[in-house]
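1. after the sequence you'll find the predicted model.
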Amino acid sequence: GAVVSQHPSRVICKSGTSVKIECRSLDFQATTMFWYRQFPKQSLMLMATSNEGSKATYEQGVEKDKFLINHASLTLSTLTVTSAHPEDSSFYICSAEGTHYGYTFGSGTRLTVV
Amino acid sequence: GENVEQHPSTLSVQEGDSAVIKCTYSDSASNYFPWYKQELGKRPQLIIDIRSNVGEKKDQRIAVTLNKTAKHFSLHITETQPEDSAVYFCAASPNAEKLVFGKGTKLTVNP
């Protein structure tokens, strides 16, 4: 089956620094990758949709200059949280969509900004 | 855009009983409806899905029904077990685009 690898699983960073999260589709080509954020006891909220080689489409209310998304290849997308602040602490999770596999989620990244 | 409502937010059942979670959606163009199970701190796991050309789908103890006219779909879990305890999310996808999730249902199965 389809596997999506996400790293790191946990990261603690200081306020004002940047953090990069990677999402890789291991055995299929992901035409589209989605980035979600999930606060404790809440649902997954879509942040942005990215297609390989093009700019990401951000959901309303998500700052594109703060959450930088790169989808340079069909197997890799990255999310960089720039100038992180404590309110950015959350569970970030990617999902990759391939032609034959539908939506497959990564294992998530727990970000804590101190 | 699509809006998905999910009820109830919490559900507690006795082991062996059935559990039903209901979702409604707003966009008649949505044609894919997956259900995910998420354990604490882990990724959502697809447990069953249904497409708009099907009214019902069953996989062992889990079934999903879809009423396109009413724009609602439901998850049915029979003979519940303690390991079924988790948060369950429904989702809808308009035109094979992004998934829009419901707010989740915390299911507790009491032994």
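-> Thanks, I have it. Residues are numbered from 1 along each chain as shown, chains lettered A, B, ... in the order given.
2. CA only for contacts and neighbour counts going forward, please
-> Noted.
3. show me the shaky parts of the chain.
-> Defaulting to chain A. A:1, A:99-101 (pLDDT under 70).
4. that was the other one, I meant chain B.
-> Judged against pLDDT under 70, the low-scoring parts of chain B cover residues B:95-97.
5. get me the contact residues on it for chain A.
-> B:42-45, B:89, B:98-104 (C-alpha under 8 Å from any C-alpha of the partner chain).
6. any of these buried? List them.
-> A residue is treated as buried here by neighbour count (16 or more other C-alpha atoms under 10 Å in any protein chain shown); on that basis the buried members of the residues of chain B next to chain A are B:43-45, B:89, B:98-104.
7. ok, A:Cys13 to chain B distance?
-> Distance of A:Cys13 to chain B, computed by C-alpha to the nearest C-alpha, to the nearest Å: 19 Å.
8. please enumerate the strands of chain B.
-> Defined through DSSP state E, the strands belonging to chain B, from first to last, are B:4-7, B:10-14, B:19-25, B:30-38, B:45-51, B:56-59, B:62-67, B:72-77, B:86-94, B:100-101, B:105-110.
9. need the residues of chain B next to chain A in a markdown table (columns: distance to A:Ala30).
-> As requested, the residues of chain B next to chain A are arranged in a markdown table below (distance: C-alpha to C-alpha, whole Å):
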| residue | distance to A:Ala30 |
| --- | --- |
| B:Lys42 | 21 |
| B:Arg43 | 18 |
| B:Pro44 | 18 |
| B:Gln45 | 18 |
| B:Phe89 | 23 |
| B:Lys98 | 14 |
| B:Leu99 | 15 |
| B:Val100 | 19 |
| B:Phe101 | 21 |
| B:Gly102 | 24 |
| B:Lys103 | 26 |
| B:Gly104 | 26 |
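10. tell me who's in contact with the residue nearest to B:Asp49 when sequence neighbours are not counted.
-> Beyond its immediate neighbours in the sequence, the residue positioned closest to B:Asp49 (C-alpha to C-alpha, 6 or more residues apart in numbering or on different chains) is B:Pro34, lying 3.9 Å away. Shown here is B:Pro34, whose contacts under the criterion C-alpha atoms under 8 Å, 6 or more residues apart in numbering or on different chains are B:46-50, B:90-92.
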